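Participant: all I have is the shape, not the residue letters:
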């Protein structure tokens, strides 16, 4: 029978590309999640941390041993258990040694291990030395007592513990952060004593709710001494969900009239905060601050000093502003994602975390007890053999001297086991003394008592719980300390408004035709005498107060906002306004003005349209401004005019064609932006060679005011009675002015003073 030859391509396994990539990415994801990024609930460690601690214990680097070069530890970790990059491994070790990174450091470092301002400023591993901290004992003490499973290392030549038999929930005490594939973890550190009390309460009250546990675990406890200002109910809600945020605020004191920050939020840098405050000072946002100093050193790791210009500055208000605008107040995101006892990652709330850890601890203690019990039983068995020997010493010696197979003969004669006979035959002659017999009897009694004690613990749930509670209390006493992060009720921090940070004084703002702006103190300055750059001249000026925002309108109808304290002094030529604002191409500032927020203005354009707007609607925080009046091509905005009484004032509008219309101001709509309504009718430009007609003047005309029109050397005075000839409703064409006054140069409004009654 002839066989069909198999092609070379068919020798290989065929698999759809989609399935292959899916499985490959899934395997990679699970590896990162389980073996790199997420901690296990049992010992709260990632694999690299666990391997570092185990390697250091194998090197004999206990908390009482001499320090050894960190490079030695890293070399052992990489060579035996963790075949990855030495830099990453050393950085993991550094984080375990930094007291400002871990609440309860696992490594005791000697040398430069970084500082809070720059955690990565640590020296190379060839320079630093390390050993395990005292706290690491809670992870290692029971390691050789049959408490954990051992797995082969990466090359199968050694074994390493799959978990550490932690006596306390290190996952909560030290917390951790990590980014895996598709998930992340961010568990804050907690106070050991508080967690211990919660554990004891949960052992005694298995049905307790998370809110009950929050009476003991009041919130995270970070290595720094910054305050936690998140309300208690929000913290409790975070612990119920396993997700949330907690807000920290720096602590400060007032010393010699200066603001001194002594503790920063977790992971906040003095250097970065210094830069943030200095940037505000440079931007003239903190004119009340005279100086800023970073006096941090080895004795005081955090000391940031803010010096005010005078003793009249409210330092508490200044601190509140800094909290709102810098990292002196910072949030920590909580996401209690961890690998559970079932080997699966998941977000757990506080009760689930403590309950599951108690299950882990219970299993560890049971393994420890059974391991010890087995050792005791084996030892008692051997001691029983020794006792038999001492009761029949002469006969045993005779058998050993004369029998061809002493072991077999002893087993037959005295009913000893093989293990007992082997131990008997290994007894030295000097151990046959009477004192040794007494020691054996005493040891048997002690071991029997310990066996009974362990049997009772394993058979009695009540005794077992009592043991767990005592163990937790002892560890809390030995390793616990006071809370570092006080939980305080504080008001929400508010940044200064611009008007809060400046001295209120009269100022004069000067704007040139080429767009150069400056400010002078006082109102006595004469803008006409101010010098300008060559080819430049005065466009407009504004007399206002330093605490008032300035509204500016450009030729495209956009409004901008400036504050006088940000402008240069009038002693020089000023600065281009484009350095403060972002203007569109081919546009320039047309006018500027200031008022109270609720003051009303007439906002119009030379196309004859307009509306009424509040001053606050001109203001904006955007450098590129905002559109307030809609313009067509070749239209220009008019200078906004304040309206003292919108219900009684009239508006006078005069066009370039010499037509004037007077109408009540309340006929115009109130808008925040737009084109508005027609104030005076201006015909569309025809085919005439003359320039199209435009609105030339707008004036607010109060009751009982004379209207004076200037045309060349002539003037026309219109009394309230004469004004009736030009008064109509909004949107009309208006009436032509008398011949000789149609080319209007200026308008003046003169209030009529009431006559004085002589009879008084």
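Facilitator: That came through fine. If you're wondering where the values come from, they're calculated on a predicted model, not measured in any experiment.
Participant: C-alpha only now, for contacts and for neighbours.
Facilitator: Fine.
Participant: where do the helices sit along the stretch 351-500 of the chain?
Facilitator: 393-402, 406-414, 418-425, 434-459, 461-479 (DSSP state H, counting those that start in this stretch).
Participant: off-centre distance for the second one?
Facilitator: To tie it back to what came earlier, the one meant is helix 406-414. 76 Å (Cα atoms, centre = their mean, to the nearest Å).
Participant: next, the angle helix 418-425 makes with it.
Facilitator: Per axes from the mean of the first three to the mean of the last three Cα atoms, to 10 degrees, the angle that helix 406-414 makes with helix 418-425 is 110 degrees.
Participant: buried sites along helix 406-414?
Facilitator: Across helix 406-414, burial judged by 16 or more other Cα atoms under 10 Å covers 406, 407, 409, 410.
Participant: again with the fourth one
Facilitator: Across helix 434-459, burial judged by 16+ other Cα under 10 Å covers 437, 440, 444, 447, 451, 454, 457, 458.
Participant: what is the mean pLDDT for stretch 44-58?
Facilitator: Mean pLDDT, computed over stretch 44-58, is 95.
Participant: now that stretch: how far from the chain's centre is it?
Facilitator: Its chain's C-alpha centre and that of stretch 44-58 lie 29 Å apart, by Cα atoms, centre = their mean.
Participant: got a list of contacts for that stretch?
Facilitator: 35-40, 62, 73-74, 76-77, 81-82, 89, 92-93, 96, 106, 131-132, 136, 140, 160, 163-164, 169-172, 174-176 (Cα atoms under 8 Å, 6 or more residues apart in numbering).
Participant: drop anything exposed from the residues you listed.
Facilitator: The buried subset of these (16+ other Cα under 10 Å) comprises 36-40, 62, 73-74, 76-77, 81-82, 89, 93, 96, 106, 131-132, 136, 140, 160, 163-164, 169-172, 174-176.
Participant: hang on, residue 333 in a strand?
Facilitator: Yes. The assignment for residue 333 (DSSP: H, G, I helix; E, B strand; the rest coil) places it in a strand.
Participant: tell me the mean pLDDT for stretch 13-21?
Facilitator: 82.
Participant: that one: end-to-end distance?
Facilitator: 15 Å (Cα to Cα, to the nearest Å).
Participant: again with stretch 730-741
Facilitator: Length of stretch 730-741, first residue to last, Cα to Cα: 23 Å.
Participant: buried ones in it, by neighbour count?
Facilitator: Under the neighbour-count criterion of 16+ other Cα under 10 Å, stretch 730-741 has 730, 731, 732, 733, 734, 735, 736, 737, 741 buried.
Participant: tell me the one of those nearest residue 654?
Facilitator: Comparing the buried residues of stretch 730-741 against residue 654 with Cα to Cα places residue 734 closest, at 8.4 Å.
Participant: excluding sequence neighbours, find me the nearest residue to that closest one.
Facilitator: If the residues on either side of it in the chain are set aside, residue 734 comes closest to residue 661, at 4.4 Å by Cα to Cα, 6 or more residues apart in numbering.
Participant: spit out the contact partners of the one you found.
Facilitator: Applying Cα under 8 Å, 6+ apart to residue 661 gives the contacts 652, 653, 654, 680, 726, 727, 728, 732, 733, 734, 735.
Participant: what about the closest residue to residue 642 other than its chain neighbours, helix or strand, and which?
Facilitator: Counting by Cα to Cα, 6+ apart, residue 642 lies nearest to residue 601, which is 4.3 Å off, once chain neighbours are set aside. Counting by DSSP states H and E, the element that carries residue 601 is strand 600-604.
Participant: what strands flank that strand, and is each parallel or antiparallel?
Facilitator: Strand 600-604 pairs in its sheet with strand 609-614 (antiparallel), strand 641-642 (antiparallel), by DSSP bridges.
Participant: please list the outside residues in contact with the following helix or strand past the first one.
Facilitator: It stands for strand 609-614. As assigned by DSSP H and E, the chain's next helix or strand after strand 609-614 is strand 626-627. With contact meaning Cα under 8 Å, 6+ apart, strand 626-627 is reached by 557, 558, 559, 560, 620, 673.
Participant: give me the buried subset of those residues.
Facilitator: Buried subset of the contacts of strand 626-627 (neighbour count, 16+ other Cα under 10 Å): 557, 558, 559, 560, 620, 673.
Participant: dump those residues to JSON lines, plus pLDDT, distance to residue 697 and secondary structure.
Facilitator: Listed next are the buried ones among the contacts of strand 626-627 as JSON lines, based on pLDDT from 0 to 100; distance: Cα to Cα, whole Å; DSSP: H, G, I helix; E, B strand; the rest coil:
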{"residue": "557", "pLDDT": "94", "distance to residue 697": "17", "secondary structure": "coil"}
{"residue": "558", "pLDDT": "95", "distance to residue 697": "20", "secondary structure": "strand"}
{"residue": "559", "pLDDT": "96", "distance to residue 697": "21", "secondary structure": "strand"}
{"residue": "560", "pLDDT": "96", "distance to residue 697": "23", "secondary structure": "strand"}
{"residue": "620", "pLDDT": "94", "distance to residue 697": "27", "secondary structure": "coil"}
{"residue": "673", "pLDDT": "94", "distance to residue 697": "21", "secondary structure": "coil"}
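Participant: need these in TSV (columns: distance to residue 331).
Facilitator: Formatted as TSV, the buried ones among the contacts of strand 626-627 follow (distance: Cα to Cα, whole Å):
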residue	distance to residue 331
557	42
558	38
559	36
560	34
620	29
673	39
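Participant: list just the nearest of these to residue 265.
Facilitator: For the buried ones among the contacts of strand 626-627, the minimum distance to residue 265 (Cα to Cα) is 33.0 Å, reached by residue 620.
Participant: what bits of this structure have low per-residue confidence?
Facilitator: 1-12, 31, 429-435, 497-503, 686-689, 754-760 (pLDDT under 70).
Participant: and the contacts of residue 661, which of them are in strands?
Facilitator: Of the positions in the contacts of residue 661, 652, 653, 654, 735 sit in strands, assigned by DSSP state E.
Participant: most neighbours of all the residues you listed, which one?
Facilitator: Counting neighbours by other Cα atoms under 10 Å, residue 654 comes out on top of the ones in strands among the contacts of residue 661 with 26 neighbours.
Participant: surely that one touches residue 700?
Facilitator: No. Using Cα atoms under 8 Å as the test, residue 654 is too far from residue 700 to be in contact (12.0 Å).
Participant: next, count neighbours for residue 670.
Facilitator: 17.
Participant: should've said residue 324
Facilitator: Residue 324 has 17 nearby residues by other Cα under 10 Å.
Participant: quick one: it from residue 331, how far?
Facilitator: Look at residue 324 and residue 331: by Cα to Cα, they are 12 Å apart.
Participant: spatially nearest residue to the most centrally placed residue in the chain, not counting backbone neighbours?
Facilitator: Geometric centre of the chain, nearest residue: residue 331, 3.7 Å, by Cα atoms, centre = their mean. If the residues on either side of it in the chain are set aside, residue 331 comes closest to residue 247, at 4.2 Å by Cα to Cα, 6+ apart.
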